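>>> give me a 3D structure for the following:
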Amino acid sequence: AVDVRGTERLLEAAADAGVSNVVYVSIVGVDDIPYSYYEHKLAAERAVEASEVPSTIFRITMFHEFVGELLETVSTLPIWPLPTGIRLQPIDVGEAADAVVERATTESAGRVPDIGGPEVRTVGDLARSYRDARGLRRPIVRLPIPGKTAAGFRAGGAICPDRTVGTVTWNEWVASQFD
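Residues are numbered from 1 along each chain as shown. As a prediction, this is how the structure comes out:
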């Protein structure tokens, strides 16, 4: 209701106001990973593309903060069961915002190249850095996750290693949170 219908309502208001460029921020992998939230983002992208309002669609990888929140959810467990081999490319939210601002002009650009953080790391690597920065001693155990959604992540659907942006690495972000 929010992602799709909310976007449609925004587009209707933009058309009424004569807006020259709606910038829609989406997620890298929405067309490769069958996950309900991603499917809603993809449907919203399609609404933007079908709209009469000129637009720019911009896909970004996961923010450092989001990955940190995911790891925080397992941080109190005695053992961290994680899909350690999945690769992610977290990006600093400020650097992502800077990239969006560059596209927030009066000129629409259609679907622009995806962007991601400065490095691709496995969930296992990210978790070890997070755990060490927090001073925790929890074992990280590989949890194989079956299904199409996990397969999409394993296939690299959530990364764009050829489109890195910014300089704030995961380790730098983690250090800034727990120093």
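>>> what are the ranges of the strands in this structure?
Secondary structure of the chain by DSSP state E: the strands cover 22-27, 55-60, 80-82, 87-88, 110-111, 121-122, 140-142.
>>> so for the residue nearest to Arg131 when sequence neighbours are not counted, what's the pLDDT?
Using C-beta to C-beta, 6 or more residues apart in numbering and skipping residues adjacent in sequence, the residue nearest Arg131 is Arg138, 5.9 Å away. All C-beta spots, glycine's among them, are computed from the backbone N, C-alpha and C. Per-residue pLDDT puts Arg138 at 94.
>>> Val23 contacts Arg103, correct?
Yes: counting by C-beta atoms under 8 Å, Val23 does reach Arg103; the two are 5.5 Å apart.
>>> give the intersection of the neighbour lists for the two.
Between them, Val23 and Arg103 have 56, 58 as joint contacts when contacts are counted by C-beta atoms under 8 Å, 6 or more residues apart in numbering.
>>> circling back: out of the strands of the chain, deepest packed?
Mean neighbours per residue, mean count of other C-beta atoms under 10 Å, is largest over those for strand 55-60, with a mean of 22.
>>> center of this protein, which residue is that?
Nearest to the mean C-alpha position of the chain, counting by C-alpha atoms, centre = their mean, stands Met62 at 2.6 Å.
>>> what values do phi and psi take at that one?
Recorded main-chain torsions at Met62 are phi -60, psi 140, according to degrees, to the nearest 10.
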